[in-house]
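> Whatever this is, show me its structure:
(2 chains, ligands or ions: 2)
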There are 2 protein chains.
Amino acid sequence: MSKVLVSGHRNPDTDSIASAISFAYLQQQLGVDAEAVALGTPNEETQFALDTFGFKAPRVIEKAGDETRQVMLVDHNEAQQSIPDIKDLEVLAVVDHHRIANFETAGPLFYRAEPVGCSNTIILKLFKENNVAIPKNVAGMMLSAIISDSLLFKSPTCTEEDIKAAKELAEIAEVNIQAYGLDMLKAGTNLSTKTELELVTMDAKSFPMGDKTVRVAQVNTVDIADVLTRQEKLEAVMAKENADNNFDVFVLVITNILDSDSVILVVGNHQEIVEKAFNVTLENHTALLKGVVSRKKQVVPQLTEAFK
Amino acid sequence: MSKVLVSGHRNPDTDSIASAISFAYLQQQLGVDAEAVALGTPNEETQFALDTFGFKAPRVIEKAGDETRQVMLVDHNEAQQSIPDIKDLEVLAVVDHHRIANFETAGPLFYRAEPVGCSNTIILKLFKENNVAIPKNVAGMMLSAIISDSLLFKSPTCTEEDIKAAKELAEIAEVNIQAYGLDMLKAGTNLSTKTELELVTMDAKSFPMGDKTVRVAQVNTVDIADVLTRQEKLEAVMAKENADNNFDVFVLVITNILDSDSVILVVGNHQEIVEKAFNVTLENHTALLKGVVSRKKQVVPQLTEAFK
Ligand SMILES: [Mn+2]
Ligand SMILES: [Mn+2]
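Ligands and ions are numbered 1, 2, ... in the order given. Okay, the predicted model is just below:
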């Protein structure tokens, strides 16, 4: 078998980076010439985790076809979130915890998805099933991913399995979950150094819904009002993103990680469909979504349904 | 949780029927109100297995939406092979060993695919992972599925895992694999009682390839020449099937289960692409494919590639 690249999604979050690292490590132990790569540089939260556990950021690739034909995807499956030349590659394996869409293979493959809160919760199972021990630093990254995806277990996507996995990994990594977790999440909320364009692209994903393309970005903060002082500039870059990329509508989810609410800022067409999706009325293009912290569980399915 | 229907693919083969039975049983033990159903009546091979192990054929459904919104799919994922109203249903889980295509969900789900020879090889793992014991008669159906999908371990789709699983299940079912297996396979080759339409539909699947739709049916026999005495009538019903269903081309794979070769009979457009796919020249619309027994591994990927 030739070299196999293991990649998470575009605009990688901590789970995507950590999954590439942990799943590539597992594959290496199983005899595969696997390399963790990424489709972008780590955000500040992820960099905090990488620094804590002594990893360099995975090599950033823009396509895979010039170095291999075989890839493994972690933490995503949809083509528009994946390696740009994915259609020309053979996907050997997928480990994911998202909906399946816009994904197609020519032959059978290994596909492991479970409705849990984090890809690394599944990868932990795969380590066990294959009787491979998890090194301390790899466990630290896997733990960071669960903390990130579950917002320290507060997200409705978080399951008992995720909590159990996090405790197990924290023991291997010798880390206090609460103390480390809050430090890591806070490292990701330092938005003042970011341009508006960075804010709306750093954790953004595109979703085909009906015949529309909906862009959904999320930023974590400890002060939503602080982010909204930049509303005018944010709307301008969102409108430009829509125009440049043919997004029909752009939904920015601004999430307070301390009180677990979000405000959405909506730019583009079909604002009435977005209102219907969340049963809210947009005022000045914004609406408070009480208790909403999960794009995957509390935003995308609602939008998908409304855009049907 | 409301009732959940567990279904294999249209034109069900032994693996599809057995997977519905075994996976529904597993789900029941896990507390799910699951019922095995089927998208057609069992073929003679499957009926032989059902009779041997004392099962009634699963109830045949034509849609699910009038009794439940939630389904689990086994042995397939592609919408055109699935429950006709699948787009309106929530897919909670998939266990499969085929390529993934034309499959999309609104939310996260349990998806377990592995590149092994039979869905029941994966389901056996799931029984173990959930610490659920397999009753003797369920094990018999699961064994029958592995024998069927692997043509008694002769198919190139058959892996070491399938063989190991079959041995384990044979022990639980208290069955001699070779003797039972040959009896069961032969029960499926009694083609004389079948109309030509039955022959080309009983194990037929549609595949979107590029912008074409390719129909691929397979019949098992112990005498290919015997089947080809009906070539003229077979071609007539295949042409009618193409016309009625907008198939661009129909490939009938006639497989000798004893010597593990196949002859293809091709009706419709793009015959030259089919020739290219297998690097053969069709004579009188037929060609011998030496050593070809697996639609999934030796027919569909080759056609998919050629139709790109
Ligand atoms: Mn994730
Ligand atoms: Mn099967």
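> Could you measure from residue A:214 over to residue A:269?
From residue A:214 across to residue A:269, the span is 10 Å (Cβ to Cβ, to the nearest Å). All C-beta atoms are positioned from the backbone trio N, CA, C, and that covers glycine.
> which residues do these two both contact?
A:248, A:249 (Cβ atoms under 8 Å, 6 or more residues apart in numbering or on different chains).
> The two: who's more crowded?
When residue A:214 and residue A:269 are compared for neighbours, residue A:214 comes out ahead with 26 against 13, by other Cβ atoms under 10 Å in any protein chain shown.
> pLDDT of stretch A:242-254, averaged?
Per-residue pLDDT over stretch A:242-254 has a mean of 97.
> Pull up the distance across it, start to finish.
18 Å (Cα to Cα, to the nearest Å).
> Provide the contact partners of it at residue level.
A:199-200, A:206, A:212-219, A:221, A:224, A:227-228, A:234, A:238-239, A:241, A:262-271, A:273-274, A:289, A:292, A:295, A:299, A:303.
> rerun at 6 Å
With contact meaning Cβ atoms under 6 Å, 6 or more residues apart in numbering or on different chains, stretch A:242-254 is reached by A:200, A:212-219, A:224, A:227, A:238, A:262-270, A:295, A:299.
> again, but for stretch A:188-196
A:44, A:45, A:220, A:221, A:222, A:230, A:233, A:234, A:237.
> From the residues you listed, list just the buried residues.
Buried members of the contacts of stretch A:188-196, scored by 16 or more other Cβ atoms under 10 Å in any protein chain shown, are A:44, A:45, A:220, A:221, A:230, A:234, A:237.
> Residues in a beta bridge with the fourth one, which ones?
What that stands for is residue A:221. residue A:256 (DSSP bridges).
> Show the pLDDT at it.
You'll see residue A:221 listed with a pLDDT of 94.
> Could you do the last one as well?
Residue A:237 carries a pLDDT score of 98 in this model.
> I'd guess it is in a helix, am I close?
Yes: Residue A:237 forms part of a helix when assessed by DSSP: H, G, I helix; E, B strand; the rest coil.
> mind listing what it touches?
A:196, A:197, A:200.
> what helix or strand does the closest residue to ligand 2 within the stretch 151-300 of chain A sit in?
Proximity of the stretch 151-300 of chain A to ligand 2 (Cβ to the ion) peaks at residue A:161, 28.4 Å away. Using DSSP states H and E, residue A:161 maps to helix A:160-173.
> So what touches that helix?
Helix A:160-173 is contacted from outside by A:116-118, A:121, A:124, A:134, A:136, A:139-140, A:142-143, A:146, A:150, A:153, A:177, using Cβ under 6 Å, 6+ apart.
> Find the nearest non-adjacent residue to residue A:30, please.
residue A:130 (6.3 Å; Cβ to Cβ, 6 or more residues apart in numbering or on different chains).
> Provide the count of other residues in contact range of that neighbour.
As a measure of burial, residue A:130 has 11 neighbours, counting by other Cβ under 10 Å.
> Compute the distance between it and residue A:25, please.
11 Å.
> Let me know the pLDDT of the closest residue to residue A:124 other than its chain neighbours.
Using Cβ to Cβ, 6+ apart and skipping residues adjacent in sequence, the residue nearest residue A:124 is residue A:165, 4.8 Å away. At residue A:165, the model reports a pLDDT of 98.
> in which helix or strand would I find whatever residue of chain A ends up closest to ligand 1?
Closest contact between chain A and ligand 1, by Cβ to the ion, is at residue A:15 (3.3 Å). In this assignment (DSSP H and E), residue A:15 forms part of helix A:14-29.
> Is that helix in proximity to chain B?
No: figure legend: helix A:14-29 not in contact with chain B (Cβ under 6 Å from any Cβ of the partner chain); closest approach 13.3 Å.
> Would you mind putting the contacts of stretch A:188-196 into JSON lines with distance to residue B:71 alongside?
Below are the contacts of stretch A:188-196 laid out as JSON lines (distance: Cβ to Cβ, whole Å):
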{"residue": "A:44", "distance to residue B:71": "42"}
{"residue": "A:45", "distance to residue B:71": "38"}
{"residue": "A:220", "distance to residue B:71": "36"}
{"residue": "A:221", "distance to residue B:71": "40"}
{"residue": "A:222", "distance to residue B:71": "42"}
{"residue": "A:230", "distance to residue B:71": "46"}
{"residue": "A:233", "distance to residue B:71": "47"}
{"residue": "A:234", "distance to residue B:71": "41"}
{"residue": "A:237", "distance to residue B:71": "42"}
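> Of those residues, just say which sits nearest to chain B.
residue A:220 (20.6 Å; Cβ to the nearest Cβ).
> does that closest one really touch residue A:258, like I thought?
No: the pair residue A:220 / residue A:258 is not scored as a contact, 9.8 Å apart, by Cβ atoms under 6 Å.
> State the distance from residue A:152 to residue A:206.
27 Å.
> And for residue A:66?
25 Å.
> more crowded one of those two?
Using other Cβ under 10 Å, the more surrounded residue of residue A:66 and residue A:206 is residue A:206, with 19 against 8.
> Which strand or helix spans that one?
Going by DSSP H and E, residue A:206 is in strand A:204-209.
> quick one: average confidence on that strand?
Here the average pLDDT along strand A:204-209 is 93.
> what do you get for stretch A:140-151?
97.
> So what's the gap between that stretch and the chain middle?
11 Å (Cα atoms, centre = their mean, to the nearest Å).
> Give me the nearest residue to the closest residue to ligand 2 within the stretch 1-150 of chain A, chain neighbours excluded.
Across the stretch 1-150 of chain A, no residue is closer to ligand 2 than residue A:108, which sits at 10.2 Å (Cβ to the ion). Sequence neighbours aside, residue B:115 is the residue nearest to residue A:108 in space, at 4.1 Å (criterion: Cβ to Cβ, 6+ apart).
> neighbours of that neighbour, just the number please.
19.
> Which pLDDT value goes with it?
On pLDDT, residue B:115 comes in at 96.
> next one: residue A:278
The model's pLDDT for residue A:278 equals 97.
> how near is residue A:282 to residue A:223?
21 Å.
> Now stretch A:45-59: buried residues?
For stretch A:45-59, burial by neighbour count (16+ other Cβ under 10 Å) applies to A:45, A:46, A:47, A:48, A:49, A:50, A:52, A:53, A:55, A:57, A:58.
> Now these in CSV, please, with extra columns for secondary structure.
Shown next, in CSV, are these (three-state DSSP):
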residue, secondary structure
A:45, helix
A:46, helix
A:47, helix
A:48, helix
A:49, helix
A:50, helix
A:52, helix
A:53, helix
A:55, coil
A:57, coil
A:58, coil
